[in-house]
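Peer 1: Provided below for reference: sequence and predicted model.
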Amino acid sequence: MKDFVPWYKKTRFRFLVFSLLIATLPLLLLEGISWNQARADLEKSLHARNVALAQKVASDTEVLFTGVTERLELSGSSLFLFQPLVQDQEFRRNRLQPDGRSELISPPPIVDQPPGQARFGPPAAGAGNDNWQDLLYTILFRVPYLEALALFDGEGQEVAAVSRREVKPALVPKNFSQSREFQLADRGQVAYGAVRFEEDGRPLLDLVVPFLSYDGGPGLRGGFLAKVNLRGLWYSISRLSPGRHVSIYLVDQNGTLIAHDDFSQVLEGREVRGSQAVADLLAGRVTADRAEPKRYVSYQGQEVLGLSLPIRGPGWGVVVEEPVRTALAPVRALAWKFGAATLLVLVLVSLLAALFSVRLTAPLEKLFAGMKRVAQGDYDRSLADPGDDEMGRLVASFNGMVRELRKKREMELTLARAEKLAALGLLASGMAHELNNPLATLAAYTEDLKERWEGQEPSLVQRSEMEHYFSVIFNQVKRCKGITRSLLDLNHPEPAPGESLAVGPLLDEALQMVWPRAERQGVRILVFGVAEDVQIVADRRYLLQVLSNLLNNALDALEGRPEPQIQVEVDRVGEGVELIIRDNGEGLGEEARAHIFEPFFTTKPPGKGTGLGLFVAYQLTRKMRGEIALENEPRGGTRARVWFPGGPRDVG
Amino acid sequence: MALTFSVRGNKILRFGVLTILAFSIPVLIWGGFRSGRMVKELPILGVLLSGPVREAKMAGLIQSLREMGLGQGKDYRLVVKYAGDSLGGLKDAAQELVDLNPRVLVAGGGVEADALQAVTGRIPIVFMGVASSQQRGLVASYRYPGGNVTGVDNYHTELAGKRLEFISRILPGVKRVLVLYDPRVTPGTSSLKVMEEAANRLGIRAETLAVTETGSLPGLLTERARGRYDAILPLSSFFMEALGERLVDISQQLGIPLMGLTEEDARMGYLASYGVSYTNQGRQAARLVYKIWHGQDPSSVPVESPDSIDLVINLAVAKKLHRAIPLQVLGYASRVIPGP
């Protein structure tokens, strides 16, 4: 049983990984779907918001110009109605007296024009011009965003002009009638000039509003040249920006930046035509009704979500851009939150999984340790009861098995002790019996020798008599020594760990040990099937002892037999090697087969054998994990079979 | 068995502690962060005023900031320092404000901006209406201020001629105007030049009187003005603002109308005013404060000229001075303060 298990193969690690996968995979899947949906929704809502912003700016700008234009047109119509009055000599300037009364002063003649062909004539000096200025001031202070206002006639000549900041300004250029604005006005169109910036940064735009003939007559009667201060509009645009990262800016017909929520960019004259939204405007790819949000790299080099819309009237365009990085920040924050939630789940699941895996696998670990102890022969300890679940039942079964094994071992020990005692008794009785005969012979001979020595029998001193006595005593002592030596053989230490031995040379050596006796007895020894590569695992000394004993036993059985013969055969059997020694003696009787390996059992005549040879062979074979059997040959004689595990070249 | 129970109990206890820690540590960190934010001090918006007369600017500033989403006590702590209408007190008050390390400093006018600029070149300064801000050296140019100062130029210098024009419209036939100016300040002398050009174009004789101290002013004015001038026109300066009520008294004593710069002048007793009101100067400055508060560099925030220039006429003063006002002018005046 392997003690070391890599960490990645341990059940608790696999349980942990499995738990984490089960817990996090669905979570990650759901988070991924949610995140993707949130991102799509956010982009959609941002686009919708930016479209609304652009529409709001475009609408505000259009409303501003529409409002200013309509008020100026209305004022212009009023001026037409007013002109006959200012031509009337009865017209007087009206002055509010401290007592609340009003007083008419000074006639205000301005120009003389044929009725129905009324045009604003050339500026008149003095009070008449003051009257026009009063009227223009009324318009100037009542129409928001107007910085200055001039009235020009049908020839493009300035009639009067007023300003919030300048004294007696001259607003209409001398060659105004040649300008694009005047040409447009002459065709009855409102004309928008270019946006320019004053020294103090005020954005001003020239707006030309024509007065056409109210009676259907041809030609331009005159008009207003208004200088519109756009800073209020710019400021309201910057107020619309929902955040510092969203850029809202206006470009004119040429793509020149004229307004930006960061006004310093306008003053720096930043080139914005690099933005795709501006390019779309200039190429006429967008209309007021259809704003197409896009993602592109802006003129500032940032990836942005942007769109543009044209503004009716001045022909400008509004652009809204928002850096993708900041626009999608909430989605990134959501990703972080998801990540944190996943991490938290991972931590909690890891803790839970660790706890449960420890709880689940602890009984297994204990079971494993218990099995190792049992394998090492320790049956004395039971495992703690882990509960009443399946694992608990398994541990309980294991504990039951250990208890059974412990009982069995105790029984075996008891039996072994009984067998030992029986064997000891048998051995003792055998020894007593075997030693008793020679000892009795020794006692008889020594008694007789003593009597004869005391009787001084003359024949005793004869050399032959004494020689006989000593010969008998010597033989009996020698026999006793043989018995004790055989017993000593049993007490050899445990065999060395089996070594791989070639059978052929060993067999040769064993045969050489018995060869002189076989030759004396005239026994023919035949050897079969000994291949050079046949090997067995055994202790060399023990194996020689076993073979020697078996061969001597066969020779004993062949004494006095006609045509004595011993056959030695070597066969591979299973994963081992079997040596068979056959003789053509009388064979074994029924009683001999039952007791053949018991100590001191012999079928030889008294005094001939010790009865220990086969007993020793049996014991040594078992010590070498071999098997031994003695049986009769069908055609007479005895067959001894010894089996040993095969060597490396004989296994498999 | 007891041992087994004990071991299992320890594991459950350990798991419980770990779980509580896993939940409580982030909560504690978050809670600590929140509480840290709650006790964190608000950034300071420092305002330096020469005197209470400019409080209307601060009111407009605070109101406009609130409309833009910056609330006092919510987003910033307002610290106001007064100099007691004394130039000497401005330096100390400016230093006290700078020592508080505010996020943005706001100057009530030119002298306050000068004082603040003298003590810090680091903290952004926004002025709420300064005349001739470029000429007096507060900014390098209107478009690119360049330093740590920007704000609203109230255009008082440039509008000096326009005031003369409106005097002639409010009081038709006006021929001689006495112009008061403070020669110690830049707007005083700059306005004088503008005034002279306008007087020439309008055919009005404008005579000037330098005023540098208050003691001899009544006598001086009485001697110079009685019966000789149709109107008195004080030019822009911190000193003239402080003299406001005294000038009104003299105006009424002499029966000569005053033409002021702001709506507050008209309400104080001037016959009329033409310019941007203190409140609107504060409101417009709030836009710049808002930008800088949110991180824009003051050096790249252009100085703004006033968006709204108002003609205000006080009919009560007209009645008191027995002056008739043309209805056409009343028709286009931004505001008419009714008489009694």
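Peer 2: Now that the structure is in, tell me what you want to look at.

Peer 1: CA atoms only: put stretch A:530-537 into PDB for me.
Peer 2: C-alpha atoms of stretch A:530-537 as PDB (Å, rounded to 0.1, in the frame of the first residue of the first chain):
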ATOM      1  CA  VAL A 530      17.600 -28.900 -15.900                       C
ATOM      2  CA  ALA A 531      18.000 -25.900 -18.200                       C
ATOM      3  CA  GLU A 532      20.700 -23.400 -17.500                       C
ATOM      4  CA  ASP A 533      18.400 -20.500 -17.200                       C
ATOM      5  CA  VAL A 534      16.100 -22.000 -14.600                       C
ATOM      6  CA  GLN A 535      16.300 -20.100 -11.400                       C
ATOM      7  CA  ILE A 536      14.600 -20.200  -8.000                       C
ATOM      8  CA  VAL A 537      14.500 -17.800  -5.100                       C
END
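
Peer 1: for it, the averaged confidence score.
Peer 2: Averaged across stretch A:530-537, pLDDT comes to 82.

Peer 1: what's it in contact with?
Peer 2: Residues outside stretch A:530-537 that contact it (CB atoms under 8 Å, 6 or more residues apart in numbering or on different chains): A:498-504, A:507, A:543, A:568, A:570, A:572, A:576-577, A:644-650. Bear in mind the C-beta positions are built from the backbone N, C-alpha and C, glycine included.

Peer 1: try it again with 7 Å
Peer 2: For stretch A:530-537, contacts defined as CB atoms under 7 Å, 6 or more residues apart in numbering or on different chains pick out A:498-504, A:507, A:570, A:572, A:576-577, A:644-647, A:649-650.

Peer 1: in it, what's buried?
Peer 2: Across stretch A:530-537, burial judged by 16 or more other CB atoms under 10 Å in any protein chain shown covers A:530, A:534, A:535, A:536, A:537.

Peer 1: show me the two of those that sit farthest apart.
Peer 2: Spanning the widest gap among these are A:530 and A:537, at 17.1 Å by CB to CB.

Peer 1: closest one of the buried residues of stretch A:530-537 to chain B?
Peer 2: Using CB to the nearest CB, residue A:537 comes nearest to chain B of those, at 46.8 Å.

Peer 1: report the helix or strand with the lowest average pLDDT across chain B.
Peer 2: Sorted by mean pLDDT, DSSP states H and E, the helices and strands of chain B end with helix B:2-39, the least confident at a mean of 57.

Peer 1: state which helix of chain A is the longest.
Peer 2: The longest helix of chain A (DSSP state H) is helix A:11-87.

Peer 1: output the contacting helices and strands for that one.
Peer 2: helix A:127-142, strand A:203-212, strand A:220-229, helix A:231-240, strand A:303-310, strand A:317-323, helix A:329-375 (3 or more CB pairs under 7 Å, 6 or more residues apart in numbering or on different chains; DSSP states H and E).

Peer 1: now the shortest one and helix A:11-87, what's the angle there?
Peer 2: Put plainly, it is strand A:317-323. Between strand A:317-323 and helix A:11-87, the angle comes out at 160 degrees (axes from the mean of the first three to the mean of the last three CA atoms, to 10 degrees).

Peer 1: partners of strand A:317-323 in the sheet?
Peer 2: Applying DSSP bridges, strand A:317-323 is found paired with strand A:247-251 (antiparallel), strand A:303-310 (antiparallel).

Peer 1: gap between it and the chain center?
Peer 2: 43 Å (CA atoms, centre = their mean, to the nearest Å).

Peer 1: same question for the fifth one.
Peer 2: Centre-to-centre, strand A:303-310 and its host chain are 41 Å apart (CA atoms, centre = their mean).

Peer 1: check what contacts it and list those residues.
Peer 2: If you take CB under 7 Å, 6+ apart as the criterion, strand A:303-310 is touched by A:46-47, A:50-51, A:54-55, A:58, A:275, A:277-278, A:280-281, A:286-288, A:291-298, A:317-324, A:327.

Peer 1: report the buried members of those residues.
Peer 2: A:46-47, A:50-51, A:54-55, A:58, A:275, A:277-278, A:280-281, A:286, A:291, A:293-294, A:296, A:298, A:317-324, A:327.

Peer 1: so which of the contacts of stretch A:530-537 are in strands?
Peer 2: In this view, these that belong to strands under DSSP state E are A:499, A:500, A:501, A:502, A:570, A:572, A:576, A:577, A:644, A:645.

Peer 1: does the second one touch residue A:647 like I think?
Peer 2: I take that to be residue A:500. Yes - when contacts are counted by CB atoms under 7 Å, residue A:500 is listed as touching residue A:647 (3.7 Å).

Peer 1: more neighbours: the two, which one.
Peer 2: Each of residue A:500 and residue A:647 has its neighbours counted (other CB atoms under 10 Å in any protein chain shown); residue A:647 has more, 21 against 15.

Peer 1: find the nearest non-adjacent residue to that one, please.
Peer 2: Counting by CB to CB, 6 or more residues apart in numbering or on different chains, residue A:647 lies nearest to residue A:535, which is 2.8 Å off, once chain neighbours are set aside.

Peer 1: quick one: the one you found from residue B:217, how far?
Peer 2: Residue A:535 sits 138 Å away from residue B:217, going by CB to CB, to the nearest Å.

Peer 1: how far off centre is the helix or strand encompassing residue B:221?
Peer 2: Using DSSP states H and E, residue B:221 maps to helix B:217-225. Chain-centre distance of helix B:217-225: 30 Å, with CA atoms, centre = their mean.

Peer 1: what residues go with each domain of the chain?
Peer 2: If you meant another chain, say so; for now it's chain A. A:88-232, A:410-491, A:494-650 (automatic domain parsing).

Peer 1: ah, I was thinking of chain B
Peer 2: Split into domains by automatic domain parsing, chain B comes to B:44-155+B:278-300, B:160-275+B:309-337.
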